[in-house]
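A.B. asks: Make a model of this:
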Amino acid sequence: MSSAPYSVMALNALHERASFNSDSEPLNRYFQQQVTQDIRRRVAACFVAVTDEQRVAGYYTLAATSLLLADLPASVGKKLPRYPSVPAVRVGRLAIDQAFQRQGLGGALLADAFTRSARSEIAAFALVVDAKHELAPKFYLHLGFVALPSNPLSLFLPLATARQAM
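C.D. replies: Purely as a prediction, here's the structure:
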């Protein structure tokens, strides 16, 4: 276990990725082998939480996406313009190294994602996540996300909520 303070920044070539080890082999493989290609192709941005010793404790990715208006809860959709979809920001991946789990880092990384998305000069309605397994939605629901009625593993949080908190 570690109680190191973290700095969150964009992933760069100086960050050592090979030793990153979360509970998910697909998330480890993505971070170790594919993320730089996605960054270079501009299909995702990656942000890392690093310790004072520059060890990567966790990461998340952000990308542009959209939500179909018809997929949103009726109470939310009726307050939005009648476009077929609304712009959003997707947290594509979120992983914490095993040595840093259960310390609140996942919530801190999501808060950083909220802040970056809410401060962006490009308009977006919500932050979107796709839970990878049936237990994950509890984590997101606890943080204020709302499940899409058509798919309870897809959740969103209006960025207006993040702006009010800032």
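A.B. asks: In the chain, mark out all the strands, start to finish.
C.D. replies: 7-10, 45-50, 56-68, 85-96, 126-130, 146-148, 151-158 (DSSP state E).
A.B. asks: Identify, out of these, the most deeply packed stretch.
C.D. replies: Mean neighbours per residue, mean count of other C-beta atoms under 10 Å, is largest over the strands of the chain for strand 126-130, with a mean of 23. For the C-beta atoms, the positions are set from N, CA and C on the backbone; glycine is no exception.
A.B. asks: packing partners for that one?
C.D. replies: strand 56-68, strand 85-96, helix 105-119, strand 151-158, helix 159-165 (3 or more C-beta pairs under 8 Å, 6 or more residues apart in numbering; DSSP states H and E).
A.B. asks: picking up where we left off before, could I get the strands of the chain in TSV, plus columns for distance to residue 116?
C.D. replies: Listed next are the strands of the chain as TSV, based on distance: least, C-beta to C-beta, whole Å:
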stretch	distance to residue 116
strand 7-10	9
strand 45-50	7
strand 56-68	7
strand 85-96	8
strand 126-130	10
strand 146-148	20
strand 151-158	14
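A.B. asks: how about those, which one is nearest residue 20?
C.D. replies: For the strands of the chain, the distance to residue 20 is smallest for strand 56-68, at 5.4 Å, taking C-beta to C-beta.
A.B. asks: Please report phi then psi for the residue lying farthest from the centre of the chain.
C.D. replies: Within the chain, the residue lying farthest from the chain centre (C-alpha atoms, centre = their mean) is residue 82, at 26.8 Å. Main-chain torsions, residue 82, degrees, to the nearest 10: phi -80, psi 40.
A.B. asks: how much space between it and residue 104?
C.D. replies: 40 Å (C-beta to C-beta, to the nearest Å).
A.B. asks: cool, residue 91 as well?
C.D. replies: Applying C-beta to C-beta to residue 91 and residue 104 gives a distance of 17 Å.
A.B. asks: what's the answer for residue 16, then?
C.D. replies: For residue 16, the distance to residue 104 - C-beta to C-beta - is 23 Å.
A.B. asks: do the same with residue 113
C.D. replies: Residue 113 is 15 Å from residue 104, by C-beta to C-beta.
A.B. asks: These two: which is more packed in?
C.D. replies: residue 113 (23 against 11; other C-beta atoms under 10 Å).
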